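>>> here you go, sequence then predicted model.
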Amino acid sequence: MALTKNRKKVLEKADNAKVYSLDEASKILKDITFTKFDSSVDIDVRLGVDPKQANQMVRGVATLPHGTGKTVRVLVLCTPDKEAEAKAAGADFVGLDDYIEKISGGWLDVDIIITMPAVMAKLGKLGKILGPRNLMPNPKSGTVTPDVAKAVTEVKAGKIDFKVDKTGIIHTSIGKVSFQPNQIAENAAEIMQTLSKLKPSSSKGTYFKSVYISSTMSPGLCIDIKSIPGI
């Protein structure tokens, strides 16, 4: 198959046999992305853990210093006395029983759901719907909290939730190609520093096996872990 002009440019600039510094890779991403939209920038971190072991499950939250670049649609399921503050904090949808019924009927036009401990029991029947889509609120990710307004503010500011998958990889978005290279690098460093703090004590050997960053439809760039600040 003949290479397209853009593909040739990508291959000239991205060497899949090379290990890049984080700063260098953050700059190259712009040159190897040719989508007509503002592509997401993703990070993939292979960890030296066995996710099948409960004591090696890695899950956490991080607040990216430059946000994700995405418009995050937030639903707050709360009691009436919390509705006003949730709306004031920027929640896109606020309510309780009416939205539980909408979700039961198939509505899922949201990215994050935040709720209160007092109403979690009502969400039990939604587990089979929300669980597979990673939308089920969880205290560990800060989406089950009495302070729903604070949670909304943090999510809107760039707080993300991540979890290792069954193959031992953390995959999450850290921004957009339109970001400045230093913003991409600083967001990536924040994720890596957070993961470093979450290393399970039962995990032996090399914890960070590999780190790649990429944009939508671009090749992955292998990152030299030693080049990441704070690691």
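Looks like it came in fine.
>>> which stretches of this structure have low pLDDT?
1-13 (pLDDT under 70).
>>> let's see that with 90 instead.
1-17, 30-36, 134, 140-141, 161, 204, 216-218 (pLDDT under 90).
>>> tell me where it has helices.
Residue ranges of the helices in the chain, as given by DSSP state H, are 5-13, 22-31, 80-88, 97-104, 127-130, 148-157, 181-197.
>>> between the ones you listed, which one is closest to V164.
Across these, V164 has its closest neighbour in helix 181-197 (9.2 Å, C-beta to C-beta). (Glycine included, C-beta is placed from N, CA and C.)
>>> show me which positions of that closest one end up buried.
Residues of helix 181-197 classed as buried by neighbour count (16 or more other C-beta atoms under 10 Å): 181, 183-192, 194-195.
>>> format these as JSON lines; extra columns: distance to S215.
Listed next are those as JSON lines, based on distance: C-beta to C-beta, whole Å:
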{"residue": "P181", "distance to S215": "12"}
{"residue": "Q183", "distance to S215": "14"}
{"residue": "I184", "distance to S215": "9"}
{"residue": "A185", "distance to S215": "14"}
{"residue": "E186", "distance to S215": "17"}
{"residue": "N187", "distance to S215": "13"}
{"residue": "A188", "distance to S215": "13"}
{"residue": "A189", "distance to S215": "18"}
{"residue": "E190", "distance to S215": "18"}
{"residue": "I191", "distance to S215": "16"}
{"residue": "M192", "distance to S215": "18"}
{"residue": "T194", "distance to S215": "22"}
{"residue": "L195", "distance to S215": "21"}
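>>> which residues does the most centrally placed residue in the chain bridge with?
Note on the chain: the residue nearest the mean C-alpha position is T172, at 3.9 Å, using C-alpha atoms, centre = their mean. On the basis of DSSP bridges, T172 is bridged to I43.
>>> number the chain from 557, please
Yep, numbering from 557; the last one is T728 now.
>>> hmm, back to that, reformat the helices of the chain as TSV; add distance to P621.
TSV is the format used below for these (distance: least, C-beta to C-beta, whole Å):
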stretch	distance to P621
helix 561-569	27
helix 578-587	14
helix 636-644	24
helix 653-660	32
helix 683-686	29
helix 704-713	10
helix 737-753	5
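>>> right, so of the ones you listed, which gets closest to S766?
The closest of these to S766 is helix 737-753. By C-beta to C-beta, the value is 12.1 Å.
>>> show me what that closest one is packed against.
If contacts are counted by 3 or more C-beta pairs under 8 Å, 6 or more residues apart in numbering; DSSP states H and E, helix 737-753 sits against helix 578-587, strand 596-603, strand 615-619, strand 725-732, strand 764-771.
>>> how about these, which one is nearest D703?
Closest approach to D703 among these is made by strand 615-619 (14.7 Å; C-beta to C-beta).
>>> which residues does E639 contact?
By C-beta atoms under 8 Å, 6 or more residues apart in numbering, the contact list for E639 reads V632, V650, G651.
>>> and if you look at Y655?
Y655 neighbours (C-beta under 8 Å, 6+ apart): L631, L633, F649, W663.
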